[in-house]
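Participant: 3D, please:
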Amino acid sequence: MLKVILERMRAKVEFEISEDQAGFRPGRGTHNHLCSLRLITEPARARRLPVYMCFIDTVHHVHHVSNEEVLGRMSTERLLVGRIKHRKLAYFGHVVRHASLKKDIMIGPMPGLRSQGGQRRQWLDDLAQWTRLTLPELARLPVEDLAVWRRFVHEVAYAPS
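Facilitator: Next up is the predicted model:
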């Protein structure tokens with residue numbers, strides 16, 4: 001009886017599943033997929049370059065697991081986001097530390113009218129959100145003292161969310 005049910009379902013399942021899905025299907029293995037991954041990762045490992053991969057799997061909404069829960073199960077954290085925060089904050093400190101046109105553009109108000117439409121998110125809005133400071137408070141941060149600034153950047157960038 002089970003064989004009959006499985007044979008009736010097979011045509012529907014083969015139609016629904018895409019061609020590049022290989023696992024647990026007769027005549028299709030994961031060998032080609034693993035070989036492709038190896039061709040990508042080996043040259044990067046030989047050059048000691050980081051490789052970031054994203055494996056996408058569709059999951060029924062009942063079995064939904066958040067990204068934070070997956071990272072928690074793996075006992076790891078979002079390093080890439082921390083690095084981005086670190087670089088943005090370090091660049092901000094570099095620009096604000098020196099009197100320059102970049103500093104005037106980044107911090108100073110721009111003359112003229114705002115364009116029509118909704119307000120766009122600005123580069124400094126990320127910094128204000130991460131540091132929980134307003135833009136005027138950001139401009140008054142002690143960026144001249146490098147040791148204090150670097151400690152501040154590290155604490156903000158790699159703080160648990």
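Participant: secondary structure element holding Arg8?
Facilitator: In this assignment (DSSP states H and E), Arg8 forms part of helix 2-16.
Participant: so after that helix, what's the next helix or strand?
Facilitator: Proceeding C-terminally, helix 2-16 gives way to helix 31-46 as the next helix or strand, assigned by DSSP H and E.
Participant: gap between that following helix and the chain center?
Facilitator: 22 Å (C-alpha atoms, centre = their mean, to the nearest Å).
Participant: any idea of the mean pLDDT in whatever helix or strand comes next after it?
Facilitator: Using DSSP H and E, the helix or strand that follows helix 31-46 in sequence is helix 67-73. Averaging pLDDT along helix 67-73 gives 75.
Participant: what of stretch 105-123?
Facilitator: Averaging pLDDT along stretch 105-123 gives 68.
Participant: that older thread, helices or strands next to the helix holding Arg8 in the packing?
Facilitator: Under the contact criterion of 3 or more C-beta pairs under 8 Å, 6 or more residues apart in numbering; DSSP states H and E, helix 2-16 touches no helix or strand at all. To be clear about C-beta, it is placed using only N, CA and C from the backbone, and glycine gets the same treatment.
Participant: neighbouring contacts of whatever helix or strand Pro136 lives in?
Facilitator: Using DSSP H and E, Pro136 falls within helix 135-139. Here helix 135-139 makes contact (C-beta atoms under 8 Å, 6 or more residues apart in numbering) with Phe92, Val96, Ile107, Leu124, Leu127, Ala128, Thr131.
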